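*Asks:* Just a sequence and a predicted model for now, questions to come.
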Amino acid sequence: MGSGRHIYRANSLAPHQKMMAEKTKAFLKASEEARKNPAPEELEIDESLGKLAKGGVLFAQNCSACHAKDTKVVGPPIVEMVSIYKNDPAALKQWIKKPGKKRADAPQMPTLGNLTDADRDELAKYILSIK
Ligand code: HEC
């Protein structure tokens with residue numbers, strides 16, 4: 001306790017700890033927002049999506065806090081989901097139902113308990129339509 005070495009170590013760790021605390025805070029905020037699930041009328045429905053519109057709305061409500069089309073936000077981009085699941089919508093739906101833990105550089109995806117099987121069908125259709 002109190003040796004020069006200790007103090008040096010504590011100081012050199014501080015910025016990292018601060019960064020991790022901020023990242024954790026951002027993640028918790030995104031999780032909370034995703035769980036709040038805003039009412040559909042607050043969202044603009046992209047009518048050009050036609051049959052995919054419902055999945056698009058569900059995605060905007062439940063997923064877009066952490067996922068974008070081409071860039072990593074908290075989780076991987078949609079294009080990466082498509083490359084993994086393009087031939088396996090059932091596995092995609094299973095992940096959404098019960099997310100796993102894969103990537104070392106990402107936190108665990110939260111389970112979104114408000115979604116029904118029908119919602120996951122629409123979500124999978126929407127996601128896999130994206131190029
Ligand atoms: C609070 C943030 C958050 C929300 C909300 C969220 N995800 Fe994720 N998602 C993640 C993270 C983080 C990962 C990476 C987890 C890992 O690799 O361990 C991930 C990974 C994924 C993957 C990749 C699976 C794989 O096999 O690699 C898919 C697909 C996915 N999410 C779909 C969705 C869908 C669909 C929704 C909405 C219904 C959603 N996510 C909502 C954070 C989130």
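*Replies:* Arrived safely. Bear in mind that the values here come from a model prediction, so they are computed numbers and not experimental data. Residues are numbered from 1 along each chain as shown.
*Asks:* Grab the nearest non-local neighbour of the spatially most central residue of the chain.
*Replies:* Among the residues of the chain, the smallest C-alpha distance to the mean C-alpha position (CA atoms, centre = their mean) belongs to residue 66, namely 3.5 Å. In space, not counting the residues next to it along the chain, residue 66 is nearest to residue 74; the distance is 3.8 Å by CB to CB, 6 or more residues apart in numbering. Backbone N, C-alpha and C define where each C-beta goes, glycine included.
*Asks:* again with residue 46
*Replies:* For residue 46, the nearest residue in space outside its immediate sequence neighbours is residue 56; the separation is 5.7 Å by CB to CB, 6+ apart.
*Asks:* and whichever helix or strand the one you found is part of, how far from the chain's centre?
*Replies:* Taking DSSP states H and E as the definition, residue 56 sits inside helix 53-62. A distance of 13 Å separates the C-alpha centroid of helix 53-62 from that of its chain, computed with CA atoms, centre = their mean, to the nearest Å.
*Asks:* cool, stretch 122-131 as well?
*Replies:* The mean C-alpha position of stretch 122-131 is separated from the chain mean by 15 Å, CA atoms, centre = their mean.
*Asks:* Likewise for stretch 46-63?
*Replies:* On the basis of CA atoms, centre = their mean, stretch 46-63 is displaced by 16 Å from the centre of the chain it belongs to.
*Asks:* Same question for stretch 115-129.
*Replies:* With CA atoms, centre = their mean, you get 15 Å for stretch 115-129.
*Asks:* Helix, strand, or coil at the nearest residue to residue 54 once chain neighbours are set aside?
*Replies:* Here the nearest residue to residue 54 in space, its sequence neighbours aside, is residue 122; by CB to CB, 6+ apart that works out to 4.5 Å. Recorded secondary structure, residue 122: helix (DSSP: H, G, I helix; E, B strand; the rest coil).
*Asks:* Enumerate the positions of the helix holding residue 56 that are buried.
*Replies:* 54, 55, 56, 57, 58, 59, 60, 61, 62 (16 or more other CB atoms under 10 Å).
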